[in-house]
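**Student:** Requesting a structural model of the entry that follows:
(chains A and B)
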Amino acid sequence: MTKIIQPKKQRNIFSRPTAEEGVWSWITTVDHKRIGIMYGYAAFFFLLVGGLEALLLRIQLSQPDNNFLSAAEYNAMFTMHGTTMIFLAIMPISAAFFNYLLPLQIGARDVAFPRLNALSFWIFIAGGLFLYSTFLFGTAGAPEGGYLAEEVSRLASAPNGGWFGYQPNAGLKYSPGTAMDYWAIGLQILGIASLVSAFNFITTILNMRTKGMRLMRMPVFTWMTFAVSFLLAFSLPIIAIALFFVTFDRQFGTTFFLTEGGGDPVLWQHLFWLFGHPEVYILILPAFGIVSEVLPTFSRKPLFGYPAIVFAGFGIAFIGFGVWAHHMFASAISPVAQAGFGLSTMIIAVPTGVKIFNWLGTIWGGKLTLNTPMLFALGFIGMFVIGGLSGVTHSVVPADTQQTDTYYIVAHFHYVLFGGALFGIFSGLYFWFPKVWGKMYNETMGKIHFWLMIIGFNLTFGPMHWLGLQGQVRRTWVYAEETNLGFWNLIVTIGAFILAIATLIFMANWMYSRRKGEVAPFDPWDARTIEWSIPSPTPVWNFSKAPEVKSLDDFWHQKYGEDEDGRALKREGADELLAQLEDEGLNPKEEIHLPSPSYFPIIMAFGLPFIGYAVIYKSIPLALIGVILLLIGGFGWGTEPLEEEFESSEEEKPDMEKPQNYE
Amino acid sequence: MHRNKFLKPKNLILCSFLFITACIEDAPLDSLSPAGPYARTIDELFWLTFWIAVVIFFIVQGALLFSVFYFKDSPDKPEPKQIHGNNFLEILWTIIPVIILASIAVPTVRTIFDLAREPENALKIEVIGHQWWFEYKYPDYGITTANVLVIPEDTPIRLEMWSNDVLHNYWVPKLNGKRYLVPGQKTYLNLHADNAEEFWAQCGEYCGLSHSKMRGRVLSMSESDFDAWVVNEQKNANTGLTEGSLAYEGQQVYLNAGCTQCHVIGGVWDVQGERIAPNLTHFANRNVFAGAALKNNAENLTQWLANPAELKPGTFMPNLELTEREIEALIEYLGTLK
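**Tutor:** Here you go, the predicted structure:
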């Protein structure tokens, strides 16, 4: 069904950008792969910033009654560390994987709405820059009537109410200045980015699967993307409303959370954690997806209990909306609520356990290749189990009232989000490195990275369990020498620096291997899913023709059958098949239409920070600039020429079996 | 009922590191050294969960490490069998965790309600959270004090708590778990100390600039000591200071420098209504001040009075630009407030 596509003559003054190389091509791109790569680099940049903030915190805590940072600086640093790592590092780095891999895993040419995809990336950038501009323009200070001995430094002119922004402390009376406004509005902007991409991914998964890609043949990573997208779509509106309340309280004198006006500070806790707990699963489910791809590949066995893993993922996502008050066991909630949420928290351990046992079932009896991605995936299981078990101790409400707000909790969620989410992400970064760059990473450096990381990680977060049980409270700038917590705090700080060194080694490996690494074959891991059936690096058109999928792990089954014992047996002609696939992948026979780049997503996205500044500084001109940018973006977006309109075609109806790009 | 904390399993595990000394020192905020029935109930529940977690930990990590070593790739290894799953196993590892969790759930729910119940014949004390100190009121005795909570030993205490500003979280690890102090509503917490002892308290919830310095002490004492303490606290401060003495001069500083705007000393400049700062009537009897962040001694007081915000960022106590002489006199005066 080859046909030549002739763009109809343009009907608009705006022509679409055409640059294929250079800065403009990246700014205007709507290619999901390029957007994924940009997401990855931007998120990694913020990961480094968040890491530096953590190092400052650790230097301050390395000895009792230390004075390296002032109280104001410390509070700003821990607030920004949490906010950055969650909203600007882990979430967008997961978005990088979604963007790059999702269309490849379902055999599509791009996501459903490529320009919307670019929009969500640029909104993320705009939101991140807006939030961080607080270090330039923000102000913070002592609560109304309080005194400070020294001027507030630039470092302390950042949001300081905690990433959880508990009211009324984060309100105007107790957190004066503009810094907390930067926080509230910055998160609001970032939330838009995530909502936009959530709907984009849901539509993509529902509508863009290639022929034969039934739901129960989708790779687990795609399933987890699907689950995360629903979590985003349902949980972000809650925080959006809560953040509007905060902004209104601070800017326009409403009293949603202020007791003196009939408001309720506990309401904020409910709203925040009703978003905040699903958010935890937004952060961890992508890692679940990644290791569910890596473990079978390097065990040379199919994923054990694929349906169980898929359903457990959705079970976790669903129950995740019913456990929020376990963040509030010490707060003003009744014993009945404590019991209820304690039980629901215990229940969520069950699907999580099912996943872990199925991963163990996957490697059991396999033939394990212990390379870097596999080591990180195995490390993920080991570390995540510790985080999961300490999580069960929180569901025991009376015990949690001792542990909550101490370093025991800090240890717990770093085992989940660093040992879990970030180890999974590193596993994925190594695993798909050859697919993205067409080069191999350096295995030795990768292994050094892994071992330094797992040692540094346990040295950093292991002793925190002990410190918490010994009474070290979270978010404290100093601790008294008499509490005898100094020794383990010093160890923790040493661990944090080992993590920093490990990260530098990772970066060195990445930069070196991208340029000088060995050329990667297109299926270096003898992998299972269809993204490995196309050349490396992925050609701009992804699949030269829409693949047809006949089973779960389709690519593997094209290469391997089973002998009488049920052992994998290479099919005859498998090598020829690979050579043929590579040739076809590089030389498409049909004319391929790809979505055209556009200027307008970035224009629209950068309207939002101006509106944010306008709210903070109550400035009409800034609001006008913002609105005009949004309007230009929207108008241009709506009217720029669509190249989908063809002069003529052999068939009037579009061919539904081929991936379409609906714009 | 006292267990030796160093023989506890987790301590032993952690102490098996080379650095034994670090564990042996006493940690005053240790949540694993209960000193009363409430904390002990929690402690027992924690260890039950802990041991179950330890067993699961070793099973899972054991299976993981075994797989890594045993199923590691080697050249003569055949391709593995392509097993897609096993329904029996799936059911098994769904049901077994449910049973284990149920065995934790039952005592958990029971303990939740046990801890929430108001004990009979409890001494009622009100705890009011301020940025950044705890205020205590004894409605039965008409006493108002700060930073140091004095309680009789082996007696149930019922704390009725609220906050005057932001959220705080009251925590005496050796006596019970935490409970928030919320503006606009009341929360409750029970305490019960076995013996006469001094405990540490700490605000758990982030409450602004000097959250880390919002600390406290709980002093449990024998019945007779407590009664004597109550009688003394109910008295006003001694106003019969000798004119011309340093303490008298300090009293004049107190009256004239602006301290009375925020503080109360019973009998001296009596005022009706609330004051935002700690009641100082029996200041000299407390071993700590400034949110229990500082020991009550001349050196700390000198530094504090010279510039409070230096020691406690964000504090509502202004720098009154006192001279050295005035500070010296004030400290002398504060020393008489017994």
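**Student:** Please make it C-alpha for all contacts and neighbour counts, starting now.
**Tutor:** Will do.
**Student:** count of residues packed around residue A:337?
**Tutor:** By the measure other CA atoms under 10 Å in any protein chain shown, the count of residues near residue A:337 is 15.
**Student:** At which residues are the strands of the chain located?
**Tutor:** All of this refers to chain A. A:560-562, A:568-570 (DSSP state E).
**Student:** Oops, wrong one, chain B.
**Tutor:** Under DSSP E, chain B gives strands at B:123-130, B:133-138, B:143-146, B:148-152, B:157-163, B:168-171, B:179-181, B:187-191, B:197-203, B:215-221, B:288-289, B:294-295.
**Student:** List the buried residues for the fourth one?
**Tutor:** For strand B:148-152, burial by neighbour count (16 or more other CA atoms under 10 Å in any protein chain shown) applies to B:148, B:149, B:150, B:151, B:152.
**Student:** Please give me every residue in contact with the second one.
**Tutor:** Contacts for residue B:149 were tallied using CA atoms under 8 Å, 6 or more residues apart in numbering or on different chains; they are B:136, B:216, B:217, B:218, B:219.
**Student:** go again using 6 Å as the cut-off
**Tutor:** residue B:218 (CA atoms under 6 Å, 6 or more residues apart in numbering or on different chains).
**Student:** Please tell me how far it sits from chain A.
**Tutor:** 19 Å (CA to the nearest CA, to the nearest Å).
**Student:** again with the last one
**Tutor:** Applying CA to the nearest CA, the value for residue B:152 to chain A is 23 Å.
**Student:** Was I right to think that residue contacts residue B:219?
**Tutor:** No. Judged on CA atoms under 6 Å, residue B:152 makes no contact with residue B:219 at a distance of 8.3 Å.
**Student:** among the helices and strands of chain B, which has the poorest mean pLDDT?
**Tutor:** Of all helical and strand segments in chain B, the minimum by mean pLDDT, DSSP states H and E falls on helix B:20-24, at a mean of 49.
**Student:** coming back round to it: quick one: the strands of chain B as TSV, columns for mean pLDDT too.
**Tutor:** Shown next, in TSV, are the strands of chain B (pLDDT from 0 to 100):
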stretch	mean pLDDT
strand B:123-130	97
strand B:133-138	96
strand B:143-146	94
strand B:148-152	97
strand B:157-163	97
strand B:168-171	97
strand B:179-181	97
strand B:187-191	97
strand B:197-203	96
strand B:215-221	96
strand B:288-289	95
strand B:294-295	95
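**Student:** Just give the closest residue to residue 63, not the sequence neighbours.
**Tutor:** If you meant another chain, say so; for now it's chain A. The shortest distance from residue A:63 to any non-neighbouring residue, by CA to CA, 6 or more residues apart in numbering or on different chains, is to residue A:486 (5.3 Å).
**Student:** actually chain B
**Tutor:** In this structure, residue B:63 finds its nearest non-sequential neighbour in residue A:360, 7.3 Å apart by CA to CA, 6+ apart.
**Student:** what do you get for residue B:281?
**Tutor:** Counting by CA to CA, 6+ apart, residue B:281 lies nearest to residue B:265, which is 4.2 Å off, once chain neighbours are set aside.
**Student:** still on that earlier bit, any idea how many residues pack against the residue nearest to residue B:63?
**Tutor:** Number of residues near residue A:360 (other CA under 10 Å) recorded here: 21.
**Student:** Tell me which residues are up against stretch A:522-541.
**Tutor:** So stretch A:522-541 is contacted by A:104, A:105, A:297, A:435, A:436, A:437, A:438, A:553, A:555, A:556, A:582, A:585 (CA under 6 Å, 6+ apart).
**Student:** What pLDDT is listed against the third one?
**Tutor:** Going back to what we said before, that points to residue A:297. In this model, residue A:297 is scored at 96, pLDDT.
**Student:** Same question for the second one.
**Tutor:** Among the per-residue scores, residue A:105 shows a pLDDT of 96.
**Student:** Report the spatially nearest residue to it, omitting neighbours in sequence.
**Tutor:** residue A:531 (5.4 Å).
**Student:** Residue A:148 and residue B:314 touch, don't they?
**Tutor:** Yes. Contact criterion CA under 6 Å: residue A:148 and residue B:314 qualify, at 5.1 Å.
**Student:** who touches the residue in the stretch 351-500 of chain A that chain B sits nearest to in this structure?
**Tutor:** In the stretch 351-500 of chain A, no residue comes nearer to chain B than residue A:470, which is 4.0 Å away by CA to the nearest CA. Applying CA under 6 Å, 6+ apart to residue A:470 gives the contacts B:29, B:30, B:31.
**Student:** Name the member of those residues with the most neighbours.
**Tutor:** Neighbour tally across these (other CA under 10 Å): the maximum, 27 neighbours, falls on residue B:31.
**Student:** where does the chain have low pLDDT?
**Tutor:** No chain in the question, so chain A it is. A:1-15, A:642-663 (pLDDT under 70).
**Student:** Oops, wrong one, chain B.
**Tutor:** Chain B contains residues with pLDDT under 70 at B:1-25, B:270-273.
**Student:** Around chain A, pick out the residues from it.
**Tutor:** Neighbours of chain A within chain B, by CA under 6 Å from any CA of the partner chain: B:27-31, B:42, B:46, B:53, B:67, B:71-73, B:79-82, B:84-85, B:108-109, B:166, B:177-180, B:184, B:204, B:212, B:309-310, B:313-316.
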